[in-house]
Each structure stands twice: as C-alpha cells, then as structure tokens.
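[1] Can you look at this prediction? I've put the sequence above it.
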Amino acid sequence: MSIKTEEISSLIKKQLANYQDQVSVEETGTVTYVGDGVARADGLENAMAGELLEFSNGVYGMAQNLESNDVGIVILGDFTGIREGDTVKRTGRIMEVPVGDALLGRVVDPLGRPIDGLGEIKTDKTRPIERKAPGVMERKSVSEPLQTGIKVIDALVPIGRGQRELIIGDRKTGKTAIALDTIINQKDKDVICIYVAIGQKESTVRANVETLRKFGAMDYTIVVSASASNPAPMLYIAPYAGAAMGEEFMFGGKDVLIVYDDLSKQADAYRELSLILRRPPGREAYPGDIFYTHSRLLERAARLSDDLGGGSMTALPIIQTQAGDVSAYIPTNVISITDGQIFLDADEFYAGQRPAIDAGTSVSRVGGDAQIKAMKKVAGTLRLDIASYNELASFAQFGSDLDDATQAKLARGQRTMEVLKQGLHQPQSAAQQVVTLFALSRGFIDKIPLDDVQRYESELAAYMHANHQDLYDDITKTGKLPEGDSLQNAVADFSKSFQTSDSQKKAAANK
C-alpha cells in the first residue's frame, strides 16, 4: 500500500492549522506557618486582598494580610491536614458564594455549600462576598414599612424596608425570637428572608430551622449557618456571605430581610483571627478596624433608587450585652452604625413582660416615615403613657395612699403593658394591631379586669374577622382608620357583649 506525499503533506498542514499553543501559568507559594485556622505563605507576590487561595489538599483559604515578606491566609475549612512546606496557589478569584433562587429553602455554610442533606444546589450565579455599599445617589428614602407582626415594635419602633435596626440585650431575653417572628410574618408579603446564624450550637440552628419550616417560612428563607464548631474564619465571613446572597435579590428589584444572629460572636471570631495574624490589638483587645468590619457590612442594607430597580435589603443585626451594659465597645459601635435599636430588658423579661422591649431605650431613627397612618394615629401617645406609668409605678410602691386620678393612671398603664404582651411565634396583621390599640386608646379596655385583657384582645380579633372583615380590609388596603364611627361602633358593640371572667363565674353559679 503506497501513500502519496501530497496526502501526508496536507494531513500535517491540517494538524498544524488546528494546533493551539496554551501555556498554563500558576503562581504558587509555600506554607511557612499553620495553626488555629490561619496560615502564612511566601511566594505569592501578586495575591490580592480577599483572593481565594487553594492549598495542596483541596482546602480553600482567603488572603487577609498582604505583607512585605509573606501573605496571611485565613483557612476556610479543616486546617489539620495542612503542613508547613505545602504548596498554596492563587485562583485569581475574589472570595465569592453561589446566589440565586436555588438557595431558597436551603441551609448552607458560609461558602454556600448545602448542609441540610437535601442534595446539590443547582445555580451557576456567584457574587463576591465583599461589595462596596450603594452610594447616596443610588438610594432613596426609607418610607415603606416592614411589619414585624409584634405590636410593641410596629407601634413604638417601626422598621422600614431598607433600614438597619439593631436588636440588643442580654442572652436569653428573646432576641432570636423577635427575629424569627419577623421572618414568619413576611409570609405572602413578597419578602425574601435570610437568617445568618453565627457561632450558635448546631442543635439551636436546627430548632430554628424547624420552627421556620413549621410556619411555612422556609419557602422564602435562606439559612446561612456558621456553627460554634466551625473555625473562626467561617464565623467571620458568614454575614458577608449572607449579604451577598441578599444583594442578588435586592438588585433584582425584590425586598430582602436579613438577620445577623449575632454580630457579637462575629466580632469575637474576627478578634481571634486578627490576634493570630499579629495585628496590634486596641481597645478591649479588639483590632482597630472592628468598627469598619461591621460598618461595611451594615451599610450594604439599603433601599435602592427606582433607576436600580427599587429593591431593598433590611438588616436586623443582633448584639449580646453583658448585664445590660450598652456602653461596652461592640454595642456602642453597632448602635452608632444602625438606624435605631430595640433594647430587651432582662428584668422585664423575667417579670413576665414578653417581648421584654424597653420603650424608653428603644428607638427608630426612621420613625413615623415607616409606619402606616392608622398605626401612627392609635399609637401616638403610647410611649408617653408607658413612661408615665413606669414613673408612677416606681413612686407608688413607696406609699399606698393614692388619689383616684393616680390610681386610674396606674390601672390604665397596667392594661397597656398587658396589651403589649404577645405570645411566641404569634405575629399579628397590621389591621389587628391597629384595632387592638384603637380599643386601648379609646378607653374600651380600662374597665376590663387585668386577667381578662388578653382574652378580650383575642376575642375582639375573632369578632372583627367574623362580623367586620370589611373594616380590617379597609385598614389593610388604605393604611388609614375607616372614616366615620364604624370602627368605634364595632368595638363598642363587642365590648358590651364581652363577658369578664367574674361575670362568667356569677352566671355559672346562678345556673
């Protein structure tokens, strides 16, 4: 068999035409130190701040310190398999996480990897965990309310879409419960929720996820969990990862609620990393940039201008205090960054006032702008009434001889505090809250025995649903109190028919 020279020549020419000369160049370094979730490596001359780096065993790290002779790396995973002398290479990518609708209903770690056992998350979208916050001209004012479903918050410290409202208090005073109730209340309100659990026990996170699932809230919620068993770098990046996931929806024109539970533990993790990276400690051993760590995170919450789609991201950071000390370093930092705070008082909590919100210390700097007109009208004097009652109550305990006017004020104050109590995971619609506070402000509850106040409230809601749903619908639709005396007459009719427990006992005795 003979092969012609021309055929061989044309075959070689074809192969040469398809030949592509690709040279792969990777910048690698050598690990010089490893321990406590941190590594140092030399040889990475062109590494970028926040760049994702890959160790020889497949574990990733993030460039944190760029120094003259080496790079400080925080290790995002198990660091026990990394040894001095191992190679580490640049990826050329800034630290990023997967984002998109595929994450809804899932529990993920700070790297966006599923940890709920429900299989792979199918999304090809990613976002860098660090992003410059929207500028002044990219925002518009906060004016649309984000209802929490909790009477005392929606009446006294209203939260607007795009606001940053701090939840602060001692441990075990109900901070997480408020955040979960707010997420549960967003059902059917077209709000995407993200719950970032930082440094909590895995059993606690599981219980919170089951609570959200029970109330159908996981359908629109992403849970990012960096549990107490994770290394400090994971706790540090968790809030930024959650913010990146939220920004995907915000820039898509949607409203987002993100809860950081809690930033005290993130600050502790960052302090640990900084000290190991040999950064100089400052006040209370926190590094000097701890303020910047929280401010660049919380500034990402915003209500975008119409040109950018009009989406919003509302942040509810949680901070834990020690013995109610809001003057400590981290609490004062975050108070100064946020647009108000909801302060939970341990003494009130243990006295049975739940949620234990201190009306005197809690404030919203957005205020009435993020409150429907009906609520503003019925809750106008509520804060003053509570302050007046607290002052009278502390005075009254020193003497029993009180005039009738003082006793009437005390009785009214007691009923006000009773109305503001609310059961766990029982958020209320704005219309129901308005009608309850309307009954309180118009004096319908003044003659109700204290033990019957909460039953009066629940039976009033049932009565209104059954007989005056149109009034509820009117408040929901317009955000205003119904015109005329229709609401006054409806509440008056119910109050006449309401039987106190005393009258019920008498009726039962007569039978």
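    Happy to help now that I have it.

[2] wait, what's in contact with V326?
    168, 332, 335, 343, 361 (Cβ atoms under 8 Å, 6 or more residues apart in numbering). No exception for glycine: its C-beta is placed from N, CA and C like everyone else's.

[3] I'd like a version of the residues you listed in CSV, one that adds distance to A197 and pLDDT as further columns.
    CSV is the format used below for those (distance: Cβ to Cβ, whole Å; pLDDT from 0 to 100):
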residue, distance to A197, pLDDT
I168, 18, 97
T332, 24, 96
I335, 22, 96
F343, 22, 97
T361, 26, 91
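
[4] So which of those residues are in strands?
    Members of the contacts of V326 lying in strands (criterion: DSSP state E): 168, 343.

[5] could you dump the contacts of V326 to a markdown table with neighbour count and distance to G85?
    Shown next, in a markdown table, are those (neighbours: other Cβ atoms under 10 Å; distance: Cβ to Cβ, whole Å):
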| residue | neighbour count | distance to G85 |
| --- | --- | --- |
| I168 | 26 | 47 |
| T332 | 14 | 45 |
| I335 | 17 | 47 |
| F343 | 23 | 52 |
| T361 | 15 | 55 |
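
[6] can you list the contacts of V326 in TSV and add distance to P98?
    Listed next are the contacts of V326 as TSV, based on distance: Cβ to Cβ, whole Å:
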residue	distance to P98
I168	32
T332	35
I335	33
F343	36
T361	40
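
[7] now, which of the contacts of V326 sits nearest D307?
    I335 (31.9 Å; Cβ to Cβ).

[8] ok, the closest residue to the closest one other than its chain neighbours to V136 distance?
    Once flanking residues are discounted, I335 sits nearest to Q341: 5.7 Å by Cβ to Cβ, 6 or more residues apart in numbering. According to Cβ to Cβ, to the nearest Å, Q341 and V136 sit 23 Å apart.

[9] who's more crowded, those two?
    Between Q341 and V136, counted using other Cβ atoms under 10 Å, Q341 has the larger neighbour count: 25 against 7.

[10] give me every residue that touches the more buried one.
    Applying Cβ under 8 Å, 6+ apart to Q341 gives the contacts 165-168, 335, 361-363.

[11] cool, and T361?
    326, 341, 343, 345.

[12] so what pLDDT did the first one get?
    So that's V326. pLDDT, V326: 92.

[13] I'd like the distance between I386 and L146.
    23 Å.

[14] Compare those two and say which is more crowded by neighbours.
    Between I386 and L146, counting by other Cβ under 10 Å, L146 is the more crowded of the two (24 against 20).

[15] rewinding a little: return the set of residues that bridge with the residue nearest to I335.
    Beta-bridge pairing of Q341 under DSSP bridges involves L166, V363.

[16] What count of nearby residues applies to the closest residue in space to D452 that isn't next to it in sequence?
    The shortest distance from D452 to any non-neighbouring residue, by Cβ to Cβ, 6+ apart, is to T500 (5.0 Å). Around T500 sit 15 other residues, with neighbours defined as other Cβ under 10 Å.

[17] try D188
    8.

[18] Could you do A430 as well?
    A430: 20 neighbours (other Cβ under 10 Å).

[19] Which of the contacts of Q341 sits closest to L257?
    Out of those, the member with the shortest distance to L257 (by Cβ to Cβ) is E165, at 10.5 Å.

[20] my guess is the closest one meets V157, correct?
    Yes. E165 lies in contact with V157 (Cβ atoms under 8 Å); the separation is 7.2 Å.

[21] Between these two, which is the more surrounded one?
    When E165 is set against V157 and neighbours are counted by other Cβ under 10 Å, the residue ahead is E165, at 28 against 25.

[22] Pull the contacting residues for that one.
    Contacts of E165 by Cβ under 8 Å, 6+ apart are 157, 159, 314-316, 338-342, 364.

[23] With distance to H425 as added columns, please give those residues in CSV.
    Output for the contacts of E165, formatted as CSV (distance: Cβ to Cβ, whole Å):
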residue, distance to H425
V157, 20
I159, 18
T314, 20
A315, 22
L316, 16
T338, 25
D339, 26
G340, 24
Q341, 23
I342, 17
S364, 23
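
[24] Which ChimeraX command selects the buried ones in those?
    To isolate the buried ones among the contacts of E165 in ChimeraX, judged by 16 or more other Cβ atoms under 10 Å, type:
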select :157,159,314,315,316,338,339,340,341,342,364
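
[25] now the contacts of E165 as a markdown table including pLDDT and distance to M464?
    Below are these laid out as a markdown table (pLDDT from 0 to 100; distance: Cβ to Cβ, whole Å):
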| residue | pLDDT | distance to M464 |
| --- | --- | --- |
| V157 | 94 | 25 |
| I159 | 96 | 25 |
| T314 | 98 | 29 |
| A315 | 98 | 34 |
| L316 | 98 | 30 |
| T338 | 97 | 35 |
| D339 | 94 | 33 |
| G340 | 94 | 31 |
| Q341 | 96 | 33 |
| I342 | 97 | 28 |
| S364 | 93 | 27 |
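
[26] which one of the contacts of E165 is nearest I129?
    Nearest member of those to I129, counting by Cβ to Cβ, is A315, at 15.4 Å.

[27] what are the bridge partners for the closest one, then?
    Counting by DSSP bridges, A315 forms beta bridges with R164, I258.

[28] Remind me which helix or strand R271 belongs to.
    Assigned by DSSP states H and E, R271 belongs to helix 263-276.

[29] list the contacts for R383?
    When the contact criterion is Cβ under 8 Å, 6+ apart, the partners of R383 are 156, 359.

[30] for it, helix, strand, or coil?
    For R383, the secondary structure call by DSSP: H, G, I helix; E, B strand; the rest coil comes out as helix.
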